[in-house]
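J.: need the 3D shape of this:
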Amino acid sequence: MNKPLISMESINKVFYSDDVETHALSNINLTIHEGEYLAITGPSGCGKSTLLSVLGLLDTASSGNYQLASQPSMNLSTKQRSHIRNKEIGFIFQSFNLISDMSVWENVLLPLSYRSDLKNNEKDALAKEALEQVGMSHRMNHYPAQLSGGQQQRVAVARAIAGKPSLLLADEPTGNLDTKNAKAVMELLSKLHNTGCTICIVTHDPNYAAATQRSVHMIDGQIVADEQNPRAAVNDFMADIEATA
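T.: Purely as a prediction, here's the structure:
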């Protein structure tokens, strides 16, 4: 087993509104090791996306201990959190979140433009490599509106992986796609995992969850099950993708 990339202990998240407390996360204990492929499942409103936001430093927990790559992450400044997100974490969203008036190339290059540790030629090389990895280099001069949903999500994946992050987080990455394109995106994520990428996805679909190594099931802000997926289930899913390709 590789070393832990993420360690959460007694994580709680409480939202306050009009004197009402909403406990979105309750006593979350979670460890994710380097190179793992994990699915977070559960009904709508159970806290999946909130947990992903805390994992990705888009939000802060109300209490508890969260370490990312052995570094405490609870009391970071806004600037520190932004820096870590940009360098260490890649995000894939259900709605793609591509900028409509920017080309595919510009969308993928955008997060890299904030990396002061990279030279311009290094940024260009990383963006090109990412687009080639997802099979979209031939569309680099197109705009999002000129692409299908599946192509847009591939560009979103390229943008997420261009900076070679330690962690890839995907929130319902197949939610806006038809079955064929959804399977293509899941196949792409599996290939990325096979290259050593640590991936955590939120999904409602049990078939897609079964295609990962491990499933964490949530109900009412709590983790109620954490289990390894049978290798047979992963192999069956990939065989199904290949049969319908």
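
J.: now do the strands in the chain.
T.: 4-17, 20-33, 37-41, 63-68, 71-72, 89-93, 167-171, 198-202, 214-219, 222-228 (DSSP state E).

J.: could you measure from Ile223 over to Thr22?
T.: Noted for Ile223: a distance of 18 Å to Thr22, by C-beta to C-beta, to the nearest Å. Bear in mind the C-beta positions are built from the backbone N, C-alpha and C, glycine included.

J.: show me which of those two is the more surrounded one.
T.: Each of Ile223 and Thr22 has its neighbours counted (other C-beta atoms under 10 Å); Ile223 has more, 22 against 11.

J.: that one is in contact with Val216, isn't it?
T.: Yes. Assessed by C-beta atoms under 8 Å, Ile223 is found in contact with Val216 at 5.7 Å.

J.: common neighbours of those two, please.
T.: Leu30 (C-beta atoms under 8 Å, 6 or more residues apart in numbering).

J.: then the biggest helix by length in the chain to PDB, C-alphas only?
T.: Secondary structure of the chain per DSSP state H: the longest helix is helix 179-194. The C-alpha coordinates for helix 179-194 follow below in PDB (Å, rounded to 0.1, in the frame of the first residue of the first chain):
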ATOM      1  CA  THR A 179     -24.400   6.700 -21.900                       C
ATOM      2  CA  LYS A 180     -21.800   6.400 -24.700                       C
ATOM      3  CA  ASN A 181     -19.900   9.600 -23.700                       C
ATOM      4  CA  ALA A 182     -20.200   8.800 -20.000                       C
ATOM      5  CA  LYS A 183     -18.500   5.400 -20.500                       C
ATOM      6  CA  ALA A 184     -15.800   7.100 -22.600                       C
ATOM      7  CA  VAL A 185     -15.100   9.500 -19.800                       C
ATOM      8  CA  MET A 186     -15.000   6.700 -17.200                       C
ATOM      9  CA  GLU A 187     -12.600   4.800 -19.500                       C
ATOM     10  CA  LEU A 188     -10.400   7.900 -19.700                       C
ATOM     11  CA  LEU A 189     -10.300   8.200 -15.900                       C
ATOM     12  CA  SER A 190      -9.400   4.500 -15.600                       C
ATOM     13  CA  LYS A 191      -6.500   5.100 -18.000                       C
ATOM     14  CA  LEU A 192      -5.300   8.100 -16.000                       C
ATOM     15  CA  HIS A 193      -5.500   6.000 -12.800                       C
ATOM     16  CA  ASN A 194      -3.400   3.300 -14.500                       C
END
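
J.: also compute the angle for it relative to strand 89-93, please.
T.: Angle of helix 179-194 versus strand 89-93, following axes from the mean of the first three to the mean of the last three C-alpha atoms, to 10 degrees, is 170 degrees.

J.: off-centre distance for helix 179-194?
T.: 13 Å (C-alpha atoms, centre = their mean, to the nearest Å).

J.: what's the local residue count around Asp19?
T.: For Asp19, using other C-beta under 10 Å, the count is 5.

J.: mind checking pLDDT for it?
T.: Confidence at Asp19, expressed as pLDDT, is 81.

J.: so where's the protein shaky on pLDDT?
T.: 1, 231-245 (pLDDT under 70).

J.: apply 90 and report the result again.
T.: 1-2, 17-20, 69-71, 73-76, 94-96, 175-176, 181, 204-207, 229-245 (pLDDT under 90).
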